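A.B. asks: below are the sequence and a predicted model; questions follow.
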Amino acid sequence: MTDKLLDIAGLCAGTEDATILHDIDLTLAPGTTHVLMGPNGAGKSTLGHVIMGDPTYRTSAGTISFDGADVTADTADKRSLAGIFLSYQAPVEVPGVPLYSFLRTIAGKRPELKMTSRQFRARVGELAQQLDMDSSYLTRELNVGFSGGEKKKVEMLQLLLLQPKLAILDETDSGLDVDALAVVSRGIEAYRASCDGTLLVITHNTRILERLDVDRTHVMVKGRLVAEGGADLIPKIDREGFEQFEQTGDGDR
Ligand SMILES: Nc1ncnc2c1ncn2[C@@H]1O[C@H](COP(=O)(O)OP(=O)(O)OP(=O)(O)O)[C@@H](O)[C@H]1O
Ligand SMILES: [Mg+2]
């Protein structure tokens, strides 16, 4: 096994019209928890989507290696099967596809999750209960009419079911009430404990981090990673905001 689960070097990426991410270097060792913070519009979600292989974005320079293989040119599907998971800031609604069928389909593509229908039903039921989700949600169309908090729980359900090697959680905590926040935090903790997964947590809210042992904190400003530190950087950002880093982002976007 490599000591770099994710290794991003010199990454520049954006849309057809504009570069959003500039010269990103980021390395995540297996089993570590990283936090990515930065002001609105800094490019945090874009980085998550680019790591996942979202075709909306184009990579113009640099490489992304995952688990020892160069995945820069791989599709999102391939990266997902390799073990990358992105929990969306705004999960999409998929009319016509019941949540349960969706989960069965994504799990069915993974040999390591081979189970009988009965085992699968039991596993999903157990996870729904763990996340304090009524089992009636499983028969509803994926995310259609789900509240913001319920959609986030669906993302957590996928995370716990798939146990990916790398989970990028993009503001999974936003819009959650205190009880839901506790459920989601426990879910993240359970993910870490069950498979020693690696986390990249994108957040504006330090409460979600209270139950996690954060190894590294990264700060993104204007599409660049401008600072890095330990868990102690988080309370400093809470107190002093992002202005302390702004002068280092040269704003040439
Ligand atoms: N598909 C796109 N088309 C055009 N511009 C985009 C696209 N995706 C992102 N951007 C722009 O790139 C910049 C970074 O956006 P991004 O969503 O990555 O920010 P963020 O750091 O996640 O912000 P927030 O904290 O508000 O979620 C923004 O100015 C955004 O408008
Ligand atoms: Mg975002």
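C.D. replies: The structure has been received and is ready for your questions. Ligands and ions are numbered 1, 2, ... in the order given.

A.B. asks: what about the nearest residue to residue 43 once chain neighbours are set aside, how many neighbours?
C.D. replies: Closest residue to residue 43 apart from its sequence neighbours, by C-beta to C-beta, 6 or more residues apart in numbering: residue 223 at 4.2 Å. All C-beta spots, glycine's among them, are computed from the backbone N, C-alpha and C. Using other C-beta atoms under 10 Å, residue 223 has 27 neighbouring residues.

A.B. asks: surely residue 223 meets residue 19?
C.D. replies: Yes - at 7.3 Å, residue 223 counts as touching residue 19 under the criterion of C-beta atoms under 8 Å.

A.B. asks: now the protein against ligand 2: closest residue?
C.D. replies: With C-beta to the ion as the measure, residue 45 is the residue of the chain nearest to ligand 2, at 3.1 Å.

A.B. asks: ok, that residue - contacts?
C.D. replies: Contact criterion C-beta atoms under 8 Å, 6 or more residues apart in numbering gives 89, 170-171, 202 as the residues in contact with residue 45.

A.B. asks: phi, psi of the residue nearest to residue 43?
C.D. replies: As for residue 223, its main-chain torsions (degrees, to the nearest 10) stand at phi 80, psi 10.

A.B. asks: state the distance from it to residue 190.
C.D. replies: According to C-beta to C-beta, to the nearest Å, residue 223 stands 33 Å off from residue 190.

A.B. asks: can you check residue 161 too?
C.D. replies: 12 Å.

A.B. asks: returning to that earlier point: report pLDDT for the residue nearest to residue 43.
C.D. replies: The predicted local confidence for residue 223 comes out at a pLDDT of 98.

A.B. asks: I'd like the numbering to begin with 14 instead of 1 from here.
C.D. replies: Yep, numbering from 14; the last one is residue 236 now.

A.B. asks: list, one by one, the residues from this structure near ligand 1.
C.D. replies: Residues of the chain that fall close to ligand 1, judged by C-beta under 6 Å from any ligand atom: 28, 33, 51, 53-59, 69, 102.

A.B. asks: just give me the closest of those to residue 258.
C.D. replies: Using C-beta to C-beta, residue 51 comes nearest to residue 258 of the residues of the chain next to ligand 1, at 8.2 Å.

A.B. asks: for the closest one, which residues are in contact?
C.D. replies: When contacts are counted by C-beta under 8 Å, 6+ apart, residue 51 is found next to 57, 232-234, 255.

A.B. asks: now, which of the residues you listed lie within strands?
C.D. replies: Using DSSP state E, the subset of the contacts of residue 51 located in strands is 232-234.

A.B. asks: what's the closest of the residues you listed to residue 22?
C.D. replies: Within the ones in strands among the contacts of residue 51, distances to residue 22 taken as C-beta to C-beta reach their minimum at residue 233, with 16.4 Å.

A.B. asks: and the closest one, how many neighbours?
C.D. replies: The burial count for residue 233: 25, using other C-beta under 10 Å.

A.B. asks: with residue 198 instead?
C.D. replies: Neighbouring residues of residue 198 were enumerated by other C-beta under 10 Å; the total is 20.
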